[in-house]
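Engineer: sequence isn't available, so here's the structure alone:
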């Protein structure tokens, strides 16, 4: 199994467990940019969970994903190193 596939699998597992949880505040501890997951990996993980990804931006040390699922729009904030969801807002 190559490194990208292992990273994607780990991200999916972490995200699947943390998407339902809504955390308060920004818990992204941005580290070195070379340790950040790529936007493509984040997009693949969210897409595999049924989200339609509109855009992903860097915001306050987090990835901020603008997504849609089941007719609802969300902003999902993810730790850029671990891929863990730190906050979800329904829009």
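Structural biologist: On my side now, so go ahead. If you're wondering where the values come from, they're calculated on a predicted model, not measured in any experiment.

Engineer: next one: residue 43 from residue 54, what distance?
Structural biologist: For residue 43, the distance to residue 54 equals 10 Å [CB to CB, to the nearest Å]. Placement of C-beta: from N, CA and C, glycine included.

Engineer: for the two, indicate the residue with more neighbours.
Structural biologist: residue 43 (17 against 10; other CB atoms under 10 Å).

Engineer: point out where this structure drops to low pLDDT.
Structural biologist: Low-confidence segments of the chain (pLDDT under 70): 1-26, 29-30.

Engineer: apply 90 and report the result again.
Structural biologist: Applying pLDDT under 90 to the chain picks out residues 1-34, 59-61, 82, 84.

Engineer: this structure: helices as residue ranges?
Structural biologist: 3-18, 39-48 (DSSP state H).

Engineer: ranges for the strands of the chain?
Structural biologist: Listed in chain order, the strands of the chain (DSSP state E) span residues 52-59, 62-69, 72-78, 85-90.

Engineer: those into JSON lines, with extra columns for distance to residue 35?
Structural biologist: Shown next, in JSON lines, are these (distance: least, CB to CB, whole Å):
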{"stretch": "strand 52-59", "distance to residue 35": "14"}
{"stretch": "strand 62-69", "distance to residue 35": "13"}
{"stretch": "strand 72-78", "distance to residue 35": "14"}
{"stretch": "strand 85-90", "distance to residue 35": "16"}
